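I'll drop the sequence and a predicted model, then ask my questions.
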Amino acid sequence: MREIEFDVVVKAVKDMIMHCGTDLPQDTYDALEKAMEEEKSPVSKEVIRQLLENANIAKDEKRPLCQDTGLAVFFVYVGEEVRINGGLLRDAINQGTEQGYTEGYLRASTCEPFSRLNLKDTVGYNLPAIIHFDIVKGDKIDIEYAAKGGGSENVSRAKVFPPAAGKDGIVAYVKEVISDAGGNPCPPITVGVGIGGTFEKAVISSKHALFRDLETENEDPEMAELEARMLIEINNLGIGAMGMGGTKTALAVHIEANPCHIASLPVSVNVQCHSSRHTHITI
Amino acid sequence: MATYSLTTPLTSEDTKKLVAGDTVLLNGTIFTARDAAHSRLVALIEKGEELPFDLEGSIIYFVGPTPPKPGDPIGSAGPTTSYRMDSFSPTMLKNGSKGMIGKGNRNQEVKDACVKYDGIYFGATGGAGALLGKQIISAEVIAYPELGPEAVRKITVKDFPVTVVNDTQGNDLYQVGREQYEVKG
Ligand code: SF4
């Protein structure tokens, strides 16, 4: 059984958060550059130019890319042959989150649901993190992290369709969600679509789909084709960068599909903004 | 589409010449307020009590900045989504405020209030927090420090870039821009 020190995990999580807060991932930067070239609206082109300039300033001067530095969302894959020495893995991730957000001058955005009181002085700075665990083979721990802002999360939706809805029903639904969202989720967006499973499985899959690199193709050709179809439909909406009107509303659509119950077809749409701060590490 | 440079406080003369799609570089004092601060400010107005700042000609920026790094006046400071302020903005405009900065659609009541009270809804580039934060040269919390990022701040801006989304004639850039690029069928 391999042992990993508690503090090693804390430090790894802290470092990835601080890096992500100021350095836009390369896949997103490249996709925005391409979108700027292809965008037909001069107003939207200018918005994307500002986003790239913003990314350069943030990286060079170590300033947060966006003031909404999100809730900290993690997908954690724990090898069966590894254990943490000196504490719980969940606590290590939370501690790393608190340290990363504090030392990186990132924003504390967690609050109580009704009083709206910020939790920074009670529960912890930007705590609790949202953590999804899974057990896998091996003796390593894989940690995927994304900063999930409120603007894009607020427009996300899920619905359980009857099986007869099929692909056409899903495409129409995704289009409706993005159309209603307009400029609110800070387009150009990435759209995560979770299909199948149970209600919550679809939702979690739609979130996880956003962690996939923008350069990668869906391994399932049928889903890759569906992604391409959805992307065209979304870009036909004309929303454009920041909703100013344009041809590049989305950078990509990512689908994660799962087997589901014979009676149902759950679908979830989770949106990520252009400030798609995501990364992963293996310990 | 014209480009203007304007200094706060704004007058009706300033706002009436602006048309949806125009670019404006803002200078001078601006006040920040988000959800929680708006509900407190509007409650004060309704009770006829004094506000922490003068609304006349003011611009309200919907923002909750990151904490400043040592030596900086403010951290990253891009706009938050505006529709959450829709129920408060008409009251602010009615009482003298002349503009708002945010991102995303406003409802019909806000658009109508812009027409009625010569107000402007400006859009700033969401997510360009580092770039926009650099155009803020001073910042001071003047009310509700307990709200943390949501406290009311008095900020001074220099050439702060915004786009006119809703003007005093009822035009809406989001609607017009989208119709222009929508592919139907
Ligand atoms: S949606 Fe994204 S880019 Fe826009 S304000 Fe929120 S976190 Fe920032």
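Okay, I see it.

how about the residues of chain B near the ligand?
Residues of chain B lying close to the ligand (CB under 6 Å from any ligand atom) are B:Gly78, B:Gly126, B:Gly127. (C-beta placed from N, C-alpha, C; glycine too.)

Now do the contacts for the second one.
When you say that, I think you mean B:Gly126. A:Cys66, A:Gly151, A:Gly183, A:Cys186, A:Met242, A:Cys273, B:Gly78, B:Pro79, B:Thr81, B:Lys103, B:Gly104 (CB atoms under 8 Å, 6 or more residues apart in numbering or on different chains).

hang on, it in a strand?
No: counting by DSSP: H, G, I helix; E, B strand; the rest coil, one finds B:Gly126 to be coil, located in no strand.

Where does pLDDT dip in the stretch 51-200 of chain A?
The stretch 51-200 of chain A contains no residues with pLDDT under 70.

what about residue 96, neighbour count?
In the absence of a named chain, this looks at chain A. Neighbourhood size, A:Gly96 [other CB atoms under 10 Å in any protein chain shown]: 26.

that's the other chain; I wanted chain B
With other CB under 10 Å as criterion, B:Gly96 counts 15.

Against B:Leu51, how distant is it?
10 Å (CB to CB, to the nearest Å).

can you tell me the residue of chain B closest to the ligand?
Distance from the ligand to each residue of chain B (CB to the nearest ligand atom) is smallest for B:Gly127, at 2.7 Å.

Mean confidence (pLDDT) on the lengthiest strand in chain A, please.
Of all the segments assigned as strand in chain A under DSSP state E, the longest by residue count is strand A:250-260. Across strand A:250-260, pLDDT averages out at 97.

Strands along the stretch 51-200 of chain A, start to end?
Secondary structure of the stretch 51-200 of chain A by DSSP state E, counting those that start in this stretch: the strands cover A:71-79, A:82-85, A:130-136, A:141-148, A:157-161, A:189-197.

what lines up beside the last one in the sheet?
The one in question is strand A:189-197. strand A:250-260 (parallel), strand A:265-272 (antiparallel) (DSSP bridges).

just the first one next, same as before
Take DSSP bridges as the rule and strand A:71-79 pairs in its sheet with strand A:130-136 (parallel), strand A:141-148 (antiparallel).

And the contacts of the longest one?
With CB under 8 Å, 6+ apart as the test, strand A:141-148 has contacts from A:4, A:9, A:12-13, A:16-17, A:20-21, A:69-79, A:82, A:89, A:93, A:130, A:136, A:207, A:210-211, A:272, A:275-283.

Show me how to select, in ChimeraX, the buried members of those residues.
Buried members of those, defined by 16 or more other CB atoms under 10 Å in any protein chain shown, are picked up in ChimeraX with:
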select /A:4,9,12,13,16,17,20,21,69,70,71,72,73,74,75,76,77,78,79,82,89,93,207,210,211,272,275,276,277,278,279,283
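
The ligand next: which of the contacts of strand A:141-148 are close?
Applying CB under 6 Å from any ligand atom to these, one finds that A:Gly70, A:Ser275 fall near the ligand.

Tell me which residues touch A:Ile135, please.
Going by CB under 8 Å, 6+ apart, A:Ile135 touches A:Tyr77, A:Val78, A:Glu80.

wouldn't the second one be in contact with A:His132 here?
Okay, so that is A:Val78. No: checked against CB atoms under 8 Å, the pair A:Val78 and A:His132 is beyond contact range at 11.3 Å.

and the closest residue to B:Arg34 other than its chain neighbours, how far is that from A:Ala263?
Excluding its sequence neighbours, the residue lying closest to B:Arg34 (CB to CB, 6 or more residues apart in numbering or on different chains) is B:Glu150, at 4.8 Å. Look at B:Glu150 and A:Ala263: by CB to CB, they are 45 Å apart.

returning to that earlier point: can you give me the pLDDT of the residue of chain B closest to the ligand?
92.

residue contacts, the residue nearest the centre of chain A?
Taking CA atoms, centre = their mean, the centroid of chain A lies closest to A:Leu210, which sits 4.4 Å from it. For A:Leu210, the contact set (CB under 8 Å, 6+ apart) comprises A:Ala146, A:Thr190, A:Gly192, A:His254, A:Asn270, A:Gln272, A:Ser276, A:His278.

try 7 Å
The neighbourhood of A:Leu210, defined by CB atoms under 7 Å, 6 or more residues apart in numbering or on different chains, consists of A:Ala146, A:Thr190, A:Gly192, A:His254, A:Asn270, A:Gln272.
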